[in-house]
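[1] one predicted model, sequence on top.
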Amino acid sequence: MTALKTRTDYHPAVRRRFDLDVKKHQMSVLHEDGLYRHLRFADPKSSMGWFSIITTPGQLTIFGDMGTYVFAREQDMFAWFNSSYVNAGYWAEKLQAIDRNSAVREHSEDLFKRWVLENFWERREDYEPYVAAQIWADIRDSLFDPYCDDSAAGRHDVVSRFISSGFEYHDSWELNWDEYGFRFLWCCHAILWGIQQYNASKVEVAA
């Protein structure tokens, strides 16, 4: 099957993983009656990365190895999703149900560590160099402790309690270090790719 085609790629890491996961997938049309569709995509020799897309008027459901999400917007959801790129933010606004094991947005350790580094870098000149060096050492020991609770609540807790030579964080519970979850983004790519495969199959039949 053809690879996913997008005009803009906002999630390159997820895109690379998705392309690899579906490289050997095949499409099966299990049901098709106007806007009532059930498509299944899977590698015939493996259950890894399989997924199904089901549409009814005004609703689209994707479920499979990467979770389950239900979207609602227009009568023909294939037409609504037929975009030139994955618009995760806008699509997330149309969610009606979310996989219980895969949140739409999840805490990101990369964003957390980047924020800690940038915050310290912007404030370091408020302190004598030797004091700033000690503060950074304390930050590494406390905030980057590999044995620390790395959940969103755990990170907020350790940040709110941190203090070193007068360096501390205020209103830390208002901060947000989350981003769209991998599984949600994977499923968004799967929807776009699945629709492209379906549309391509219609062109082949017409030809």
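    Sure thing, it's come through. Residues are numbered from 1 along each chain as shown.
[2] how close does the residue lying closest to T2 once chain neighbours are set aside sit to C187?
    Spatially, and ignoring its direct neighbours in sequence, T2 is nearest to A200 (6.3 Å; CB to CB, 6 or more residues apart in numbering). C-betas here are computed from N, CA, C, even on glycine. Distance, A200 to C187, by CB to CB, to the nearest Å: 20 Å.
[3] repeat that for F71.
    Plainly put, F71 is 10 Å away from C187 if you go by CB to CB.
[4] circling back: looking at A200 and C187, which one has more neighbours?
    The residue with more neighbours, out of A200 and C187, is C187; 28 against 14, by other CB atoms under 10 Å.
[5] pretty sure that one sits against G67.
    Yes. C187 lies in contact with G67 (CB atoms under 8 Å); the separation is 6.1 Å.
[6] R183: neighbour count?
    R183 has 20 neighbours, counted by other CB under 10 Å.
[7] which element is it on?
    helix 182-206 (DSSP states H and E).
[8] give the buried residues for that helix.
    By neighbour count, with 16 or more other CB atoms under 10 Å as the criterion, the buried positions of helix 182-206 are 182-198.
[9] swap in stretch 83-100?
    Quick answer for stretch 83-100 (16+ other CB under 10 Å): 83, 86, 88, 91-92, 94, 98-99.
[10] what's the span of that stretch from first residue to last?
    With CA to CA, to the nearest Å as the measure, stretch 83-100 spans 27 Å from end to end.
[11] now swap in stretch 163-170 and tell me
    Chord length of stretch 163-170, first to last residue, is 10 Å (CA to CA).
[12] avg pLDDT for that stretch?
    Summarised as a single mean, pLDDT over stretch 163-170 is 92.
[13] run through who's touching it.
    Residues outside stretch 163-170 that contact it (CB atoms under 8 Å, 6 or more residues apart in numbering) are 119, 123, 127, 131, 134-135, 138-139, 159-160, 162.
[14] if you count neighbours, what's buried in that stretch?
    Buried residues in stretch 163-170, counting neighbours by 16+ other CB under 10 Å, are found at 164, 167, 169.
[15] so A3 makes contact with D19?
    Yes. Taking CB under 8 Å as the definition, A3 is a contact partner of D19 at 5.8 Å.
[16] do a quick rundown of the helices in the protein.
    Secondary structure of the chain by DSSP state H: the helices cover 12-21, 77-81, 88-92, 109-123, 129-143, 152-161, 182-206.
[17] closest to V29 out of those?
    Proximity to V29, assessed across the helices of the chain by CB to CB, is greatest for helix 182-206 (7.9 Å).
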